[in-house]
Every structure is written in C-alpha cells, then in structure tokens.
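J.: Structure here, sequence nowhere to be found:
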C-alpha cells in the first residue's frame, strides 16, 4: 500500500502493453508472456483503528476516573494509553478501490 501512484500505474499498464508487441513488418501480435505479480486495484483488508484493553473490551479510546483530592470529591477522567493492544487487520465487507490507483471514475451523463 505504500506505493506511489506512478509505480502502481506502471505495474498495471506494463502487463497490458506487453501483451501486444509489434513485429518488424508493423503488425501487432499477442505475446504469450505471463505476469509474475499482477496488480489488482482492490483492497480486501485494512488496519483496525480500535484497541483492546486489559479486560478485553474493544474501543477507540479508554478513560479512567482519577480522584484529585483526599476526600474523593474532585474527580477527573484521564485518557488511558498503557496496556492497550491494537486490533490488527480487519476484513472489509466488500472490496474497495486502492487510494493510489490512478483511475478516474465518473458517471456518463444521460443524453
């Protein structure tokens, strides 16, 4: 996913353009070349944005209540940043287009 748009475009266009080659006499023929790693424009997984805490609860942020004085009358919510485990990779419900894939998607107007 860390590729630039031009690198992705080269990987997509190269298999397509390499299928057709010109002979010395100018005619176009289809080559029988296989592509080692085809690039697909879809993303099937993403990195999760939530965390698990010590109890196994899942949330974006965790807060703990802290008492500021000895009597316990003043309280404050402090953000908990320790002992959190990232959620990891999440399967998307349906494939989405890659952000860096250089394709313009538009709807043609009805004439």
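T.: All right, it came through fine. Remember, predicted model here, so these are calculated numbers, not experimental data.

J.: Assign residue 106 to helix, strand or coil.
T.: coil (DSSP: H, G, I helix; E, B strand; the rest coil).

J.: how deep is it tucked in, by neighbour count?
T.: Residues lying near residue 106 (other Cβ atoms under 10 Å) number 5. Where you see a C-beta, it was placed from the backbone N, CA and C, and this is true even at glycine.

J.: those strands in this structure, which residues are they?
T.: 20-22, 28-30, 42-47, 51-52, 58-59, 62-67, 75-80, 85-86, 89-97 (DSSP state E).

J.: Considering the ones you listed, which stretch scores lowest in mean pLDDT?
T.: Mean pLDDT values for these show the minimum at strand 20-22, a mean of 49.

J.: Domain parsing of the chain, as residue ranges.
T.: 1-39, 41-101 (automatic domain parsing).

J.: Out of the strands of the chain, which is closest to residue 110?
T.: Relative to residue 110, the nearest member of the strands of the chain by Cβ to Cβ is strand 89-97, separated by 24.0 Å.

J.: that older thread, go through the strands of the chain and pick out the most buried.
T.: Comparing these by mean neighbour count (mean count of other Cβ atoms under 10 Å), strand 51-52 comes out on top with a mean of 18.

J.: can you list contacts of that strand?
T.: Outside strand 51-52, the residues that touch it by Cβ atoms under 8 Å, 6 or more residues apart in numbering are 58-60, 62, 84-87.

J.: Pick the one among these closest to residue 41.
T.: residue 87 (25.2 Å).

J.: who's in contact with that closest one?
T.: Neighbours of residue 87 in contact, by Cβ under 8 Å, 6+ apart: 48-52, 58.

J.: Go through those and say which is closest to residue 72.
T.: residue 51 (28.7 Å).
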